[in-house]
Each structure stands twice: as C-alpha cells, then as structure tokens.
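got a predicted structure plus its sequence, pasted below:
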Amino acid sequence: MNYFDFIREVPDFPRKGISFKDITPLLQNPKALQGAKKALLELLKDKQIDKVVGMESRGFFFGPMLAEQLNAGFVPVRKKGKLPYSTISENYDLEYGQDVLEIHADGIQKGDRVLVHDDVLATGGTASAVCRLIERLGGEVVQCNFLLELQFLSGRDKLIGYEVASLMQY
Ligand SMILES: O=P(O)(O)OC[C@H]1O[C@H](OP(=O)(O)OP(=O)(O)O)[C@H](O)[C@@H]1O
Ligand SMILES: Nc1ncnc2[nH]cnc12
C-alpha cells in the first residue's frame, strides 16, 4: 500500500511557511489504518516491549493499538498540566514552537522496555524529550517509531544512540 496517498499536505498550518502533514485521511480509511498499524509493528521486528509511550495528541491514535498488539501497557505523555497524578517534566522545542511535556512518575518501572511512538518526526525535539522522561524513570528505549519523518529537519540527529524507524520519509 502506498501510504503517501493518505497524507494530506496543508500549506501554512499552523504557521506561515509550515507544510503540515495531516494524517487524518489515513485514519479515515479502514484499509490504510489496518495496514499502517501492521507496518508499524513490522518495523519493530518482534522485539519484546513492556510499555508503549505515545505523545499528545497524535501519538494517541496508534500508540494504544500498538500496545494492545504487543501485549504491552500504554503510557501517555501529555502537555503541561494535563496529567492528574505526580509527574516529571521536560522542556522541548519543536518545528513550530516550544512547550513542556509530562509523564506520570509511576508510568514506567525500572527496566521497562519501551517503544516510543508518534505520528511525525520533524526536528526531533518532542521525541528526544520523551526519551529523557523514560530514562529518568529507569526505562530502556527500544525503538522510536513514527508514521512519517521529515528528513530535511534532521530529527534523527537529536535521537543519536536510539533505534529510529518510520514508514514514510519526506
Ligand atoms: O519533531 P518535532 O519538531 O518535535 O515535531 C513533532 C511533533 O509535532 C507534532 O505534535 P504537536 O506538538 O503539533 O501536537 P499535537 O500532536 O497535539 O498536534 C507531532 O505530532 C509530533 O509530536
Ligand atoms: N510539518 C509538520 N506536519 C505535521 N506535524 C508536525 N509536527 C512538526 N512538524 C509537523
């Protein structure tokens, strides 16, 4: 399946000069949705995983589906002030801004093998902040996987030392 057919490029969103990669056409199509889920699991090549960590908000679409398939738990990373219990936090920069991400302090146990999932790898600011959160709690990041990667923004440079995989590269 050519997943690129299901990505809509929206110019000047959310800011002038940004070409936004909209994954909602892929989510709306049952065959593309099932195919993309399967293909993301194949990127992982049967590695054993205890927790899938997905980041707000577009990491929440596939993250729980992957966790269910992997017999793993799902742990949300959210933007500041949204998680109700004790949290740890990291500041980060992304393609069009900066923010703070948080995870529940009991979301990861020491030694947990973790898959990090998000829809888009752009500058890598979001994913690298998530890896720092996981490691501060004693988890091991086994892979960071993404539906699509904007290679011209060199996100992998912020993820050196981690296994990084994506279904589509722009
Ligand atoms: O590699 P980076 O430059 O860090 O950018 C990637 C991040 O940007 C988008 O999220 P956004 O913060 O727009 O939030 P949303 O998922 O709630 O739309 C995307 O879903 C990734 O999480
Ligand atoms: N260009 C882009 N499209 C969609 N999500 C993004 N996150 C960061 N940059 C993005």
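Done, it's in. Ligands and ions are numbered 1, 2, ... in the order given.

when you work out contacts or count neighbours from here on, use the C-alpha atoms and nothing else.
Fine.

so which residues of this structure form strands?
Secondary structure of the chain (DSSP state E): strands at 8-11, 19-22, 51-55, 73-79, 87-94, 97-104, 113-121, 140-149, 164-169.

grab the most central residue of the protein for me.
residue 118 (1.8 Å; C-alpha atoms, centre = their mean).

let me know the pLDDT of it.
Model confidence at residue 118, given as pLDDT, is 98.

same check on residue 94?
Per the predicted model, pLDDT is 85 at residue 94.

quick one, what contacts the closest residue to it other than its chain neighbours?
Excluding the flanking residues, the one nearest residue 94 by C-alpha to C-alpha, 6 or more residues apart in numbering is residue 125, at 5.2 Å. By C-alpha atoms under 8 Å, 6 or more residues apart in numbering, the contact list for residue 125 reads 92-94, 155, 158.

the residue nearest to the centre of the chain contacts residue 63, doesn't it?
Yes. With contacts counted by C-alpha atoms under 8 Å, residue 118 reaches residue 63, the gap being 7.5 Å.

joint contacts of the two?
The contact lists of residue 118 and residue 63 share residue 54, where a contact means C-alpha under 8 Å, 6+ apart.

max-length helix in the protein?
Ranked by residue count and defined by DSSP state H, the top helix of the chain is helix 30-44.

helices and strands around that helix, which ones?
helix 24-28, helix 59-69, strand 140-149, strand 164-169 (3 or more C-alpha pairs under 8 Å, 6 or more residues apart in numbering; DSSP states H and E).

may I see the buried residues of that helix?
32-33, 35-37, 40-41, 43-44 (16 or more other C-alpha atoms under 10 Å).

average model confidence for that helix?
Here the average pLDDT along helix 30-44 is 98.

export it as PDB, just CAs?
The C-alpha trace of helix 30-44 is given here as PDB (Å, rounded to 0.1, in the frame of the first residue of the first chain):
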ATOM      1  CA  PRO A  30     -10.000   1.200   7.200                       C
ATOM      2  CA  LYS A  31      -7.500  -0.500   4.900                       C
ATOM      3  CA  ALA A  32      -4.900   2.200   5.400                       C
ATOM      4  CA  LEU A  33      -5.500   2.300   9.100                       C
ATOM      5  CA  GLN A  34      -5.100  -1.500   9.500                       C
ATOM      6  CA  GLY A  35      -2.100  -1.600   7.000                       C
ATOM      7  CA  ALA A  36      -0.300   1.200   8.800                       C
ATOM      8  CA  LYS A  37      -0.800  -0.500  12.200                       C
ATOM      9  CA  LYS A  38       0.700  -3.700  10.800                       C
ATOM     10  CA  ALA A  39       3.600  -2.000   9.100                       C
ATOM     11  CA  LEU A  40       4.500  -0.100  12.300                       C
ATOM     12  CA  LEU A  41       4.600  -3.500  14.100                       C
ATOM     13  CA  GLU A  42       6.800  -4.900  11.400                       C
ATOM     14  CA  LEU A  43       9.300  -2.000  11.900                       C
ATOM     15  CA  LEU A  44       9.700  -3.400  15.400                       C
END
